[in-house]
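A.B. asks: my questions concern the predicted model and sequence given below.
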Amino acid sequence: MELRQLRYLVAIADAGNLGRAAEALFVSQPALSYALRRLESELGVRLFDRHAGGVTATAAGLDVVAEARRTVRQAERVTAAAERHRRGRTGVLRVGFEASGAGELTTRARAEFTRAHPGVRVEPKRFDWGGEADALRSGDVDVAFVWLPADLSGLHAETVHTEPRIVGLPSGHPLAGNEAVGILDVNDEPLLWTERAPREWVDWWAVNPRPDGSEPRWGPTNDNVEEMLEQVAEGVAICFAPSSMARYYTRPGMVWVPLTGVEPLRVALAWADGADGPLVRAFAEVVRGLVSG
């Protein structure tokens, strides 16, 4: 059995369709189908039931895919461990964040760390919706400011920042001139959301369910912050965001208004378990000092 085969299983399970899985893996569908049949033969169990809409994992398949997913993640951590030592010789710290990260704390921490460690190059890495935690597990970054809620499995995390939420409205919207907007005031407004993030993350940002028990009116989807803001400016829908977005992301045709009646955003500083090398520890100390000061 090869790691490549386990990656195939995870991709098939995530896609629920051999065609989509093949596209994600950059292999042909016949080749992927053959690899699946071969692995099923090797294991002696049927892993997926095939049907017109795609594939569904069998009971055996669910167990095997869960183990495959853990094994793939562990393999990624092995590669990441070697990469950390390789980069340690060149003095590079990759800091992940999403959109506005932890607001001014993100840029202040990078600047203060650079001042204290002039021989280390800090590389900011921005990720789209909910992607920064996965980037830590895969070794794409060394440390990250993670928007919560998030899957923190395999990570060390400590909350370092909170900020209120705001609503993005087209500039001509009737509520655009308000000093604040309550969550129930926008119940009938189409809300932008994403399919790229876990459902828990999407529901938290959408405030689903609303305080009155209702479900948001789901609008169009988007894949990144630029697409989201463009659709708000076009008058297609509204969006929710942390208050720091009003400082870092402005766009003609839209305004930001404080959103009341909702939880604030919490941001954690996180890194992979066992990956707290000297640079990560030093960066964490800088962040803690800024937060406590």
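C.D. replies: Alright, I've got the coordinates.
A.B. asks: from here on, contacts and neighbour counts on C-alpha atoms
C.D. replies: Will do.
A.B. asks: tell me which residues in whichever helix or strand V65 is part of are buried?
C.D. replies: Take DSSP states H and E as the rule and V65 turns out to sit in helix 59-88. Neighbour-count burial for helix 59-88, counted by 16 or more other Cα atoms under 10 Å, picks out 61, 64-65, 68-69, 72-73, 77, 80-81, 84.
A.B. asks: stretch 215-223 too?
C.D. replies: Here stretch 215-223 shows 216, 219, 221-222 as buried, counting by 16+ other Cα under 10 Å.
A.B. asks: now the end-to-end length of that stretch.
C.D. replies: 22 Å (Cα to Cα, to the nearest Å).
A.B. asks: thinking again about what came up before, show me which of the buried residues of stretch 215-223 is closest to D273.
C.D. replies: N222 (31.4 Å; Cα to Cα).
A.B. asks: what's the pLDDT at the closest one?
C.D. replies: Looking at N222, its pLDDT is 94.
A.B. asks: now do A99
C.D. replies: So, for A99, pLDDT stands at 89.
A.B. asks: what's near enough to touch it?
C.D. replies: Going by Cα atoms under 8 Å, 6 or more residues apart in numbering, A99 touches 126-128, 225, 245.
A.B. asks: most neighbours among the residues you listed, please name it.
C.D. replies: Sorting the contacts of A99 by how many neighbours each has (other Cα atoms under 10 Å) puts M245 first, at 20 neighbours.
A.B. asks: residues contacting stretch 280-287, please?
C.D. replies: Against stretch 280-287 from outside (Cα under 8 Å, 6+ apart): 93, 105, 109, 112-113, 142-143, 160, 269, 271.
A.B. asks: out of the residues you listed, which comes closest to L32?
C.D. replies: Distances from L32 to the contacts of stretch 280-287, taken by Cα to Cα, are shortest for D142, at 32.8 Å.
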